[in-house]
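coordinates for the following, if possible.
(one chain, ligands or ions: 1)
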Amino acid sequence: MSVTQLFDVRNQVCIVTGGASGIGLACGEAMAENGARVFLGDVDSRRLDFAVERLCSRGLKVEGRVLDVSSRASVASVFDEVLELTGRLDVVFANAGVDVGEGFIARDGSRSVEGALENITEQHWRKYLGINLDGVLHTLQEAARHMKPQGSGKIIVTTSIASLCNVGGVGTSYFAAKAAASHLMRQAALELARYNIQVNAIAPGAFATNIANGHVRDPEFRRLLESSNPQHRVADPEEIKGLALLLASGASSFITGTEIVIDGGSLLGPAD
Ligand SMILES: NC(=O)c1ccc[n+]([C@@H]2O[C@H](COP(=O)([O-])OP(=O)(O)OC[C@H]3O[C@@H](n4cnc5c(N)ncnc54)[C@H](O)[C@@H]3O)[C@@H](O)[C@H]2O)c1
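Purely as a prediction, here's the structure:
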């Protein structure tokens with residue numbers, strides 16, 4: 001089988017949450033560049049318009065829909081609309097997520113009062129779990145609702161290496177949400193296997209996106225990230241495309257319930 005046949009996603013209908021920027025936008029772009037019909041869903045309408053305009057100007061089949069993953073009703077209404085328009089749903093990227101602020105170690109390396117365990121407020125916890133965890137649940141629920149009767153589908157959750165390891169500088173609720181999203185992905189994979197629906201996760205290390213107001217663009221912070229990576233660099237969002245296409249296409253026909261790390265070796269630890 002040729003590579004083209006193996007990774008074929010032509011005419012597939014795909015929804016990407018958090019699709020207006022960064023990793024989600026690159027996943028949607030990879031799908032559209034290979035002939036899929038892509039719906040980018042995002043809470044940021046301005047960024048969404050910009051992304052859709054850019055991709056459509058290249059002749060790609062891309063549309064935007066404003067949605068907030070923390071609300072099941074919001075996710076459901078976009079999924080219903082896409083199904084009404086297209087009659088099917090082949091691939092869903094449950095990707096939307098946000099940074100939650102600093103953890104118990106501040107950017108300057110000192111202990112943070114705000115990030116300390118005892119100072120995490122109920123409001124903070126609910127808000128960020130609502131996006132980073134409930135958002136994944138809502139997307140899985142809506143994908144399952146439409147894919148089960150169809151008897152096919154691929155769902156790809158964006159977790160993080162934070163689901164597998166802990167560090168002080170990132171906010172505590174981020175770890176809890178990402179680890180839970182990872183385990184939720186496995187449970188969904190188990191439940192949906194008999195319906196020919198595969199569920200997997202991508203666990204990125206540091207990618208240069210707009211997360212945390214694009215803090216990776218701060219040269220000092222970028223140097224810090226680069227120094228903790230064996231390849232001494234952070235990734236460009238383009239570098240997610242190969243893995244996105246693998247998990248969205250027939251090339252991954254026997255892969256389900258797996259979280260694939262894409263971190264340039266960060267989890268291995270520091271190197272020279
Ligand atoms: N960039 C990294 O280094 C990195 C590392 C590990 C994991 N991740 C994960 O990758 C995913 C994508 O992040 P990114 O780095 O591309 O960030 P990004 O900020 O560039 O893109 C995230 C997009 O999600 C959207 N979004 C935020 N809240 C939303 C909501 N409630 N509903 C719908 N859309 C919403 C934002 O508007 C934005 O367009 C996130 O789940 C993030 O946790 C990123």
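
where along the stretch 1-150 of the chain do the strands fall?
Ranges of strands within the stretch 1-150 of the chain are 13-17, 37-42, 62-66, 91-94, based on DSSP state E, counting those that start in this stretch.

run the angle between the longest one and strand 62-66 for me.
Think strand 37-42. On the basis of axes from the mean of the first three to the mean of the last three Cα atoms, to 10 degrees, strand 37-42 is oriented at 30 degrees to strand 62-66.

who does strand 37-42 touch, helix- and strand-wise?
Under the contact definition 3 or more Cβ pairs under 8 Å, 6 or more residues apart in numbering; DSSP states H and E, strand 37-42 sits against strand 13-17, helix 22-33, helix 45-56, strand 62-66, helix 72-86. Every residue, glycine included, has its C-beta placed from N, CA and C.

quick one: residues in contact with it.
Residues from elsewhere that reach strand 37-42 (Cβ atoms under 8 Å, 6 or more residues apart in numbering): 11-21, 24-25, 28, 31-32, 48, 51-52, 55, 60-67, 69, 75, 78, 82, 86, 96.

tell me which residue in the stretch 51-200 of the chain sits closest to the ligand.
Using Cβ to the nearest ligand atom, the single residue of the stretch 51-200 of the chain nearest to the ligand is Gly97, 2.2 Å away.

now the nearest residue to that residue once chain neighbours are set aside: how far from Gly115?
Once flanking residues are discounted, Gly97 sits nearest to Asn132: 4.9 Å by Cβ to Cβ, 6 or more residues apart in numbering. Asn132 sits 16 Å away from Gly115, going by Cβ to Cβ, to the nearest Å.

do the same with Ala212
Per Cβ to Cβ, Ala212 is found 14 Å from Gly115.

likewise Ala32?
Taken as Cβ to Cβ, the span from Ala32 to Gly115 is 39 Å.

do a quick rundown of the helices in the stretch 101-250 of the chain.
Secondary structure of the stretch 101-250 of the chain (DSSP state H, counting those that start in this stretch): helices located at 122-132, 134-150, 172-192, 211-214, 219-227, 241-248.

pick out the shakiest of those, pLDDT-wise.
Sorting the helices of the stretch 101-250 of the chain by mean pLDDT places helix 219-227 lowest, at a mean of 92.

outside of that helix, which residues touch it?
Counting by Cβ under 8 Å, 6+ apart, Arg107, Ala206, Ala208, His215, Val216, His232, Arg233, Val234, Pro270 sit against helix 219-227.

try 10 Å this time
For helix 219-227, the external contacting residues (Cβ atoms under 10 Å, 6 or more residues apart in numbering) are 107-109, 169, 205-208, 212, 215-216, 218, 232-234, 264, 266, 270.

near the ligand, which residues of the stretch 51-200 of the chain are found?
Contact residues, the stretch 51-200 of the chain versus the ligand (Cβ under 6 Å from any ligand atom): Leu67, Asp68, Val69, Ser70, Asn95, Ala96, Gly97, Val98, Ile131, Gly135, Thr158, Ser160.

want to throw those residues into CSV with neighbour count?
Formatted as CSV, those follow (neighbours: other Cβ atoms under 10 Å):
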residue, neighbour count
Leu67, 29
Asp68, 19
Val69, 28
Ser70, 21
Asn95, 30
Ala96, 27
Gly97, 27
Val98, 17
Ile131, 20
Gly135, 29
Thr158, 26
Ser160, 27
